[in-house]
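S.K.: Any chance you could fold what I've pasted below:
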Amino acid sequence: MRKIPFILIMSLAALFLVLPSSSSAQVAVGISVHVGPPAIPVYPQPICPAPGYIWTPGYWAWGPAGYYWVPGTWVPAPAPGLLWTPGYWGWGGGVYVWHAGYWGPHVGFYGGINYGFGYFGSGFVGGEWRGGVFAYNTAVTHVNTTIIHNTYINRTVIVHNDNRVSYNGGVGGVNARANSAQLAAERDRRFGPTAEQTRQVDTARDNRQLLASNNHGRPPIAATSRPGEFSGHGVVASHAANTEFHPPTNRGTEDRGVRNSENTRGETPREQRPGNSNPPRNNPGNTARPEGNREPNQRPEQTREPHNNTRPEQTRAPHNNARPEAKPHNQPQHESHGRDDDHPRSR
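M.R.: Numbers count the residues shown, from 1 in each chain. Sure thing, here's the model as predicted:
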């Protein structure tokens, strides 16, 4: 009789050994910090390197030295039929929590963040699986149609959203909640990032040019054609910083531990209610105008003009009613040009 428990224990142990390691992605584990990430930068999408690659957008990650940019990149799909749900920063419990991305048969909730190139805040319209082969929507993705023939054009799915705020909830954050389809996607079998995606993150963490405190929200390596390849013709830079970034003060609590973050539905937390006291000092949403809503061609230094009505050369001063002596120098719109079916607009 004493042998039965032993046999049962051994059977359970064997069962856990054969379970796929990706099942651990069902529980998202994220870093919590006390300052919000910078806005999503503007950058063009590098060309898709080969059939079967799926675009994974860039994002701001947190490391020992603060926020750093993980460039967007094309990665091979781990299996036919799987799509990538990007991770996102969400406000809750008085902190910003990272909700990790995952692979699954459907695209779930990613905070309503406009990552561009088919990830306009809800779902993914950059392509679809057709009979085990991935077809690309060249209206929003950059694909060489002379090499990749599984393409189509659908411009009706394009969402013109210029909001580049990079976090959900809180003051100035994106106000979005998961819909019924996204809630259903949470119940799908999900898989964590591939080895190629992990290599992209590791390479970005070791590159000090990608620290927000160094690039001021304008990473010189914004996207790559292949994971881990941060040099060569497949690398693109960001066009312009959307706002001026202020690195957080080291208060010794901004990377305090790792916490489970299972709430990916986007519910409005209690801390988000009106009257919430003590918002983060460097929270981009503390201003009356969220940083994602500023014009892409606005020069960063123009957002911090002093209220001085006596200096005529400050042509963009908020309270200067006098006609300026010099016209401001308008920066050109930074967009990639080309045919709609060959080179989508910059994100």
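
S.K.: Would you check that Ala237 makes contact with Ala222?
M.R.: Yes. Applying Cβ atoms under 8 Å, one finds Ala237 in contact with Ala222, separated by 5.6 Å. Heads up, the C-betas are built off the backbone N, CA and C, glycines and all.

S.K.: Can you pull the residues that touch both of these two?
M.R.: Residues touching both Ala237 and Ala222 (Cβ atoms under 8 Å, 6 or more residues apart in numbering): Tyr43.

S.K.: And those two? Which one has more around it.
M.R.: Ala222 (26 against 15; other Cβ atoms under 10 Å).

S.K.: For the more buried one, give me phi and psi.
M.R.: Backbone geometry at Ala222, expressed as degrees, to the nearest 10, gives phi -90, psi -30.

S.K.: my guess is it contacts Gly234, does it?
M.R.: No. Between Ala222 and Gly234 there is no contact under Cβ under 8 Å: 12.0 Å.

S.K.: count of neighbours near Arg164?
M.R.: Arg164, neighbours per other Cβ under 10 Å, totals 24.

S.K.: Find me the pLDDT at it, would you?
M.R.: Looking at Arg164, its pLDDT is 90.

S.K.: tally of neighbours for Pro80?
M.R.: The number of residues packed near Pro80 is 11, by other Cβ under 10 Å.

S.K.: For Glu128, see how far away it is.
M.R.: Between Pro80 and Glu128 the distance is 12 Å, computed by Cβ to Cβ, to the nearest Å.

S.K.: do the same with Tyr68
M.R.: Distance from Tyr68 to Glu128, by Cβ to Cβ: 32 Å.

S.K.: Please name the bridge partners of Gly66.
M.R.: Note on Gly66: beta-bridge partners by DSSP bridges are Gly63.

S.K.: Can you pull the poorly scored residue ranges out of the stretch 101-250 of the chain?
M.R.: The model of the stretch 101-250 of the chain has pLDDT under 70 over residues 240-250.

S.K.: which stretches of it form strands?
M.R.: Taking DSSP state E, counting those that start in this stretch, the strands of the stretch 101-250 of the chain run over residues 102-104, 127-130, 133-137, 151-152, 167-168, 223-224, 235-236.

S.K.: hmm, who's touching the last one?
M.R.: Taking contacts as Cβ under 8 Å, 6+ apart, the residues outside strand 235-236 that touch it are Tyr43, Pro44, Gln45, Pro46, Pro71, Ile221, Ala222, Ala223, Thr224, Ser225, Glu229.

S.K.: anything in contact with each of Pro80 and Glu128?
M.R.: Here Pro80 and Glu128 share the contacting residues Phe134, scored by Cβ under 8 Å, 6+ apart.

S.K.: Most neighbours out of the contacts of strand 235-236, which is it?
M.R.: Using other Cβ under 10 Å as the neighbour test, the contacts of strand 235-236 are led by Pro71, with 29 neighbours.

S.K.: Could you tell me which residues make contact with it?
M.R.: Gly58, Gln200, Ala204, Leu210, Pro219, Ile221, Ala222, Ala223, Thr224, Phe230, Val235.

S.K.: make it 7 Å
M.R.: Shown in contact with Pro71 (Cβ atoms under 7 Å, 6 or more residues apart in numbering): Gly58, Gln200, Ala204, Ile221, Ala222, Ala223, Thr224.

S.K.: what do you get for Gly132?
M.R.: By Cβ under 7 Å, 6+ apart, the contact set of Gly132 is Pro80.

S.K.: Likewise for Gly104?
M.R.: Counting by Cβ under 7 Å, 6+ apart, Gly104 makes contact with Leu82, Leu83, Thr85, Ala185, Asp188, Arg189, Arg190, Phe191.

S.K.: Redo those residues as JSON lines? Include neighbour count and distance to Gly172.
M.R.: Output for those, formatted as JSON lines (neighbours: other Cβ atoms under 10 Å; distance: Cβ to Cβ, whole Å):
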{"residue": "Leu82", "neighbour count": "20", "distance to Gly172": "33"}
{"residue": "Leu83", "neighbour count": "21", "distance to Gly172": "29"}
{"residue": "Thr85", "neighbour count": "26", "distance to Gly172": "24"}
{"residue": "Ala185", "neighbour count": "22", "distance to Gly172": "27"}
{"residue": "Asp188", "neighbour count": "16", "distance to Gly172": "31"}
{"residue": "Arg189", "neighbour count": "14", "distance to Gly172": "35"}
{"residue": "Arg190", "neighbour count": "24", "distance to Gly172": "30"}
{"residue": "Phe191", "neighbour count": "20", "distance to Gly172": "33"}
